[in-house]
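Engineer: Here's a sequence, model it:
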Amino acid sequence: MGIVHRMNSIAHANQSILLLIVRVVLGILLIFKGITFLSNAKELESLIQGSRFKAGTTFLVTYITFAHLFGGTFIVIGLLTRWVVLLQIPVLVGAVLFFSHSSDIFSIGSEFWLSLFVLLLLIFFAFEGGGPVSMDRFLKKNLL
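Structural biologist: Below you'll find the model as predicted:
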C-alpha cells in the first residue's frame, strides 16, 4: 500500500501543477487579448457594428475589454474562478459563432481556433474551478 499511496500523491501533485500552468497561461492570454481590445477599441467597435449586435455596441466593447482584463487577472490568481469563467463564456461563444467565421478559417492566422480552444478551456474551468493551487482553495481552507 505504501508504493500505491506514494504514486497517487505524485500523480496528484503533477496534475495540480499542470492545472495551475494551464490556468495561468489562459489568464495571461485573456489579459493580453484585453489589452489588444483596449488598444484597438475602434476596430472592435466597428466589428461589433458590422454584426447583428449593433444596439449595444458601447456596452459590448466595454464588457468584452474589461471582462478579458479583470477576468484574466482573476483566473491567473484563481480567485472566484468559476464566476469569472461564466462571465467570459458568452464573449467567447460570440467570438466563435459570430465573429470568427470567414472563408479563411483554416489559415494559419485565423483566430477561430484560438477562440475555440479558449472557449473549451473556459468550459473546463467552469466545472473544475481554480484547482488545488488557487486563491479559491486558500480562502476556503483558511477562512471558511
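
Engineer: For the rest of this, base every contact and every neighbour count on C-alpha atoms.
Structural biologist: Will do.

Engineer: And the helices in this protein, which stretches?
Structural biologist: Using DSSP state H, the helices of the chain run over 2-39, 41-49, 57-77, 81-94, 112-128, 135-143.

Engineer: Contacts for the third one, please.
Structural biologist: Right, helix 57-77. 23-35, 37-38, 41, 44-45, 48-49, 80-81, 84-85, 87-88, 91, 130, 134-135 (CA atoms under 8 Å, 6 or more residues apart in numbering).

Engineer: same thing with the fifth one?
Structural biologist: Helix 112-128 is touched from outside by 26, 81-83, 85-86, 88-89, 92-93, 95-96, 100-101, 105, with contacts defined as CA under 8 Å, 6+ apart.

Engineer: now these: which count as buried?
Structural biologist: Neighbour-count burial (16 or more other CA atoms under 10 Å) applied to those gives 26, 81-82, 85, 88-89, 92-93, 95-96, 100.
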